[in-house]
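[1] sequence and predicted structure, then a few things I'm wondering about:
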Number of protein chains: 2
Amino acid sequence: HQTTGQPPVNLTFLFEGEEEIGSPHLAPLLAAKRELLAADVVLSVDGGMEGPDTPSLTVASKGLAACQIDLTTSTTDLHSGVYGGTVPNAARAIATLVASFHDDAGRVAVAGFYDDARDLTAEDRAEIAAPPDDDAGVRAQAGVDALTGEAGYSPRERMWARPTLDVNGLWSGFQGAGTKTVTPARAHAKITCRLVPDQDPARILDLIERHVAAHLPAGATAAMVRFPGSAYPAAIRRDHPALEAAKATLRQAYGGTEPLITRTGGTVPAIALLQRILGAETVSLAFSLPGSRMHAPNEWFRVSDFHQAPRVFAAYLTALAATGLQSP
Amino acid sequence: HQTTGQPPVNLTFLFEGEEEIGSPHLAPLLAAKRELLAADVVLSVDGGMEGPDTPSLTVASKGLAACQIDLTTSTTDLHSGVYGGTVPNAARAIATLVASFHDDAGRVAVAGFYDDARDLTAEDRAEIAAPPDDDAGVRAQAGVDALTGEAGYSPRERMWARPTLDVNGLWSGFQGAGTKTVTPARAHAKITCRLVPDQDPARILDLIERHVAAHLPAGATAAMVRFPGSAYPAAIRRDHPALEAAKATLRQAYGGTEPLITRTGGTVPAIALLQRILGAETVSLAFSLPGSRMHAPNEWFRVSDFHQAPRVFAAYLTALAATGLQSP
């Protein structure tokens, strides 16, 4: 749809194809092309809506820190008849270690883990509580019987705004059919943490390494592999005029419905990098729906939203121009 | 070597080829052929010596109970950004469960686990302590830095005469290279217990099943698979004349060296079955040496022991005849 003779703001397009692997080349590119890419506002089309008629503005995403713990108790698996109950067992050792990462209240028990995590204000909590209660919906979507996690926070607070430590994989010893009477020599755990402002992924990995050293069961040694793909958490400055313009645009596009202010537990490394390197805040205007099977087979997107999205983007550029933000 | 015109005792040979898989067909065979196989004493050639010049008599072997715990927290692995810290995580759940199997003192924490385990008497402990201290040797053989296990018992007491619960395998979630940001839906642990008189393998599996139910983390369900190959612990009646005859035979064969009375943490299902079904006690006279890589590549047996063994067996049959044990 051509609506005016030219775009109402200067536009720079940046296509980023490494988002799903942590955007490893984006930081050096942004640093090298700082001048070319200078912008007042970044418009991201990554994200989604809370429901088909519920426009949403995602104002924060979590950071990521990833590592693997490799634990050794002996040079080889051992006969459990000869040595069982007498030599350290790597499977038991990794279980004890993994169990030590959380306390009984579901809090991450890594010393210092929450030190830099920005507290939720009363305003944050009210805002996160604003969308209709959806615990049953989350349970059904996830196929779980119960929601669990850090005591003192609602499920949505935990998903949107609290840091987590997740075990993604765990293995040791014999995994075939039936029995093999060994005490395993080696065990492994894969860990990722989702981080909130103002946590730093490198510092979180340091703390985990310290925790592992302090909680290593007797007779075990451990090495930690740090994976690439670390990302800083991100949050848009809430008083930014570009955010207000986005709210007004969505309100108008959805028959006066006030957009929900949402956050995501997912990670969009680009947002933090654009902020840290270019000093530009990112507004996310996106239209995928809950249950659209993101990253999964049969992922889908409504045809009507293919028409709706460009209309909203065009209206938003006009609204942005009206804020007077644009630098020449 | 023909030494007399005929064997000094009646002999029945029983060749058992399923020892390494728990002798599943032996019990029905013994029950069906009870009369044909009736015996005063069973001579087993399975086992070994404590050292090249140290004849040994193994008077007890451990029983075995084996199972697998299959744990589920959701219908599928979930995105750790969307759900991390909010849905139950199967890897964390199995770690917590596995860690709950032992207390901080290294004791098995399954309620009732030790109830039927025969206590070690002062005589037992003195006998077990009699061979020269070998902790450093065990550490070197096993390739471990430290020996661990149930407090209050020496490493050799734990290996020879205390029941154990060993984790043989453990797995959950993503095990490939790098990171996959999921919370796993399923987790598995393989468990074997080595049992001492008078523990019963079926009752031990019942207790483990009860423990799993009682210690299951919130949001997890578990199923237990019981593996075949359970075996009762076995111990020869210590005042049995056949044991005295074996001691005398070994003393004579090894230049007057008093044979060591030893036990094994391994399982020989046949011994308990012969005792329970035929009422026959088993004497083990065997000659493999420590470090002979039993069950492993490059397993070895001294050529000199191929000549020594039949001489000792022949002398033993003569000594047995002299005890007057033989039923016609």
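    Cool, got the structure. Predicted, not measured: the structure shown is a model, and the values here were computed from it.
[2] near chain B, which residues of the stretch 1-150 of chain A?
    Within reach of chain B by Cβ under 8 Å from any Cβ of the partner chain, the stretch 1-150 of chain A has these residues: A:62, A:64, A:66, A:73-76, A:78-89, A:91-92, A:94-99, A:101-102, A:106, A:138, A:142-150. Quick note: C-beta positions are derived from backbone N, CA and C, even for glycine.
[3] now do the longest helix along chain A: which elements does it pack against?
    When chain A is parsed with DSSP state H, its longest helix is helix A:303-322. Using 3 or more Cβ pairs under 8 Å, 6 or more residues apart in numbering or on different chains; DSSP states H and E as the contact definition, the elements that helix A:303-322 packs against are strand A:41-44, helix A:241-253.
[4] list the contacts for the residue nearest to A:Q252 when sequence neighbours are not counted?
    Closest residue to A:Q252 apart from its sequence neighbours, by Cβ to Cβ, 6 or more residues apart in numbering or on different chains: A:A315 at 6.9 Å. Residues near A:A315 by Cβ atoms under 8 Å, 6 or more residues apart in numbering or on different chains: A:249, A:252-253.
[5] who wins on neighbours among these?
    Among those, A:T249 has the most neighbours (other Cβ atoms under 10 Å in any protein chain shown), with 25 neighbours.
[6] name only those of the residues of the stretch 1-150 of chain A next to chain B that count as buried.
    Among the residues of the stretch 1-150 of chain A next to chain B, those classed as buried by 16 or more other Cβ atoms under 10 Å in any protein chain shown are A:62, A:64, A:66, A:73-74, A:78-89, A:91-92, A:94-99, A:101-102, A:106, A:138, A:142, A:144-145, A:147-150.
[7] now do the contacts for the residue in the stretch 201-328 of chain A positioned nearest to chain B.
    Nearest to chain B in the stretch 201-328 of chain A, going by Cβ to the nearest Cβ, is A:G266, at a distance of 3.4 Å. Residues in contact with A:G266 (Cβ under 8 Å, 6+ apart) are A:61-62, B:79, B:81-82.
[8] ok, back up a step: what angle do the longest helix of chain A and helix A:241-253 make?
    Counting by axes from the mean of the first three to the mean of the last three Cα atoms, to 10 degrees, helix A:303-322 lies at 130 degrees to helix A:241-253.
[9] which parts of helix A:303-322 are buried?
    A:305, A:309, A:312, A:314-321.
[10] so what's the residue count around A:D103?
    11.
[11] likewise A:A202?
    Neighbour tally, A:A202, other Cβ under 10 Å: 10.
[12] in which helix or strand does it reside?
    Assigned by DSSP states H and E, A:A202 belongs to helix A:201-215.
[13] centre of the chain to that helix, how far?
    Taking Cα atoms, centre = their mean, to the nearest Å, the mean C-alpha location of helix A:201-215 is offset from the chain mean by 19 Å.
[14] report pLDDT for the closest residue to A:G81 other than its chain neighbours.
    Of all residues beyond its chain neighbours, the one nearest A:G81 is B:G266 (3.5 Å), with distances taken as Cβ to Cβ, 6+ apart. B:G266 is assigned 91 on the pLDDT scale.
[15] hang on, B:G266 is in a strand, isn't it?
    No - counting by DSSP: H, G, I helix; E, B strand; the rest coil, B:G266 falls outside a strand, being coil.
[16] before we move on, the earlier item: now the contacts of A:A315 in a markdown table, with pLDDT?
    Formatted as a markdown table, the contacts of A:A315 follow (pLDDT from 0 to 100):
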| residue | pLDDT |
| --- | --- |
| A:T249 | 97 |
| A:Q252 | 96 |
| A:A253 | 95 |
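[17] closest to A:D46 out of those residues?
    A:T249 (17.4 Å; Cβ to Cβ).
[18] ok, the closest one - contacts?
    With contact set as Cβ under 8 Å, 6+ apart, A:T249 has these partners: A:285, A:312, A:315-316, A:319.
[19] at 6 Å instead, please
    Neighbouring residues of A:T249 by Cβ atoms under 6 Å, 6 or more residues apart in numbering or on different chains: A:315-316, A:319.
[20] now do A:A142
    B:74, B:78, B:83, B:87 are the contacts of A:A142 under Cβ under 6 Å, 6+ apart.
[21] out of those, who's nearest A:E157?
    B:Y83 (13.7 Å).
[22] any idea how far chain A is from the closest one?
    5 Å (Cβ to the nearest Cβ, to the nearest Å).
[23] now do the helices in the stretch 151-300 of chain A.
    Listed in chain order, the helices of the stretch 151-300 of chain A (DSSP state H, counting those that start in this stretch) span A:155-161, A:201-215, A:241-253, A:269-273.
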